[in-house]
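Trainee: A structural model of the following input is requested.
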Amino acid sequence: MSWELVKPEDTYSASPGMNQFDDYIRKNVVMTTLEDMLAWSRKNSLWPFNFGLSCCYVEAATAISSRHDISRFGAEVFRATPRQADMMI
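Mentor: This is a model prediction of the structure:
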């Protein structure tokens, strides 16, 4: 997926507010494919690998785990293996 910033062209439309609307859309809407969006989200997501070697593990485990019940949203999967980890805490 490639991104580039392009200066909007200085075009004038017949209706007075359309040029501002077009500029707003160009700055705030990203058009891409679903595959590119999923690849971007997988590339930029972090899966921490938590391991306990001392008494500080209790604090680290509570910092990593959720404070609320997130299983309702389908986000309860916590992969705590080095294979899926991107970062070690």
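Trainee: got any ranges where the protein has weak pLDDT?
Mentor: The model of the chain has pLDDT under 70 over residues 1-18, 46-54, 60, 64-89.
Trainee: Check the gap between Cys55 and Ala61 for me.
Mentor: For Cys55, the distance to Ala61 equals 11 Å [Cβ to Cβ, to the nearest Å]. Glycine gets a C-beta too; all of them are placed from N, C-alpha and C.
Trainee: Restrict the one helix or strand Ala61 maps to to CA atoms and write it as CSV.
Mentor: Using DSSP states H and E, Ala61 falls within helix 57-64. Taking C-alpha atoms only, helix 57-64 is exported to CSV below (Å, rounded to 0.1, in the frame of the first residue of the first chain):
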residue,chain,number,x,y,z
TYR,A,57,4.9,-10.2,36.7
VAL,A,58,1.7,-9.5,38.7
GLU,A,59,1.9,-5.8,37.9
ALA,A,60,2.8,-6.4,34.3
ALA,A,61,0.0,-8.9,33.8
THR,A,62,-2.6,-6.6,35.2
ALA,A,63,-1.3,-3.7,33.0
ILE,A,64,-1.6,-5.9,29.9
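Trainee: about what we covered before: if you count what's nearby, which of Cys55 and Ala61 comes out ahead?
Mentor: Using other Cβ atoms under 10 Å as the criterion, Cys55 and Ala61 rank with Ala61 on top: 14 against 7.
Trainee: Would you quantify the distance from the more buried one to Val30?
Mentor: Distance, Ala61 to Val30, by Cβ to Cβ: 36 Å.
Trainee: Same check on Ser41?
Mentor: Taking Cβ to Cβ, one finds Ser41 at 13 Å from Val30.
Trainee: Thr33 - how many residues pack around it?
Mentor: When counting by other Cβ under 10 Å, one arrives at 9 neighbours for Thr33.
Trainee: what does Leu34 give?
Mentor: For Leu34, the neighbour count with other Cβ under 10 Å is 7.
Trainee: State the distance from it to Ile25.
Mentor: Leu34 is 20 Å from Ile25, by Cβ to Cβ.
Trainee: Check Asn19 too.
Mentor: Counting by Cβ to Cβ - Asn19 and Ile25 are separated by 11 Å.
Trainee: what about the two, which has more around it?
Mentor: Between Asn19 and Ile25, counted using other Cβ under 10 Å, the more crowded position is Asn19 (15 against 9).
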